[in-house]
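Peer 1: quick one, fold the following:
(one chain, ligands or ions: 1)
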Amino acid sequence: MHELSLAQGLIEQLHTLAAEHKAERILRITVVIGPFSGIVVDSFSFGFDALKQESPVIREAVLEIDVPPPSYTCLDCEQVFSLEQEHHGVGQMPHGGLSKDTCIACSSHRLAASGGDELILKQIEME
Ligand SMILES: [Zn+2]
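Peer 2: Down below sits the predicted model:
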């Protein structure tokens, strides 16, 4: 499971940080999961909660997950738009799928995805 190995990686990272700061307990962590990461938030959260039980340092840590909305920036006209907005324009989609690689303003295909595609440890509280 992808999410489980990510949760495992996060826990290892937390152990390293706790050791570096000579912390006895981690109270709360906030991670940012990019909307393009393909990570299933529920599975990740479940995996983390299961794995943290094995660690006295992390056992009581509260996991908060932040998922920023997916958005794209057009490289031609600099229009910024999100996937949600595209959903409303269903009639314009040629194949019934998500035309997520087409600018809503100028139909350019030169888009940059923003909002992230990775898991980032954003904040950590420990004592
Ligand atoms: Zn454009």
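
Peer 1: nearest the geometric middle of this structure, what residue?
Peer 2: I33 (1.0 Å; C-alpha atoms, centre = their mean).

Peer 1: what residues does the chain have near the ion?
Peer 2: Taking C-beta under 5 Å from the ion, the part of the chain that reaches the ion is made up of C74, D76, C77, Q79, C103, A105, C106, S108. From N, CA and C alone the C-beta is placed, and that goes for glycine too.

Peer 1: at 8 Å instead, please
Peer 2: Within the chain, the positions lying close to the ion (C-beta under 8 Å from the ion) are 74-79, 103-108, 110-111.

Peer 1: relative to E3, which of those is nearest.
Peer 2: Closest approach to E3 among the residues of the chain next to the ion (C-beta to C-beta): L111, at 27.3 Å.

Peer 1: show me what the closest one is bridged to.
Peer 2: Note on L111: beta-bridge partners by DSSP bridges are C74.

Peer 1: report pLDDT for it.
Peer 2: pLDDT, L111: 87.

Peer 1: quick one, phi psi at the residue nearest to the centre of the chain?
Peer 2: Main-chain dihedrals, I33, degrees, to the nearest 10: phi -110, psi 110.

Peer 1: in this structure it contacts L63, no?
Peer 2: No: counting by C-beta atoms under 8 Å, L63 is not a contact partner of I33; they are 11.0 Å apart.

Peer 1: how distant is the longest helix seen in the chain from the center of its chain?
Peer 2: The helix that spans the most residues within the chain, counting by DSSP state H, is helix 2-20. Distance, stretch centre to chain centre, for helix 2-20: 15 Å (C-alpha atoms, centre = their mean, to the nearest Å).

Peer 1: what's the answer for stretch 111-121, then?
Peer 2: 7 Å.

Peer 1: neighbouring contacts of that stretch?
Peer 2: The contact list for stretch 111-121 (C-beta atoms under 8 Å, 6 or more residues apart in numbering) reads 6, 10, 13-14, 29-39, 44, 68-75, 80, 101-103.
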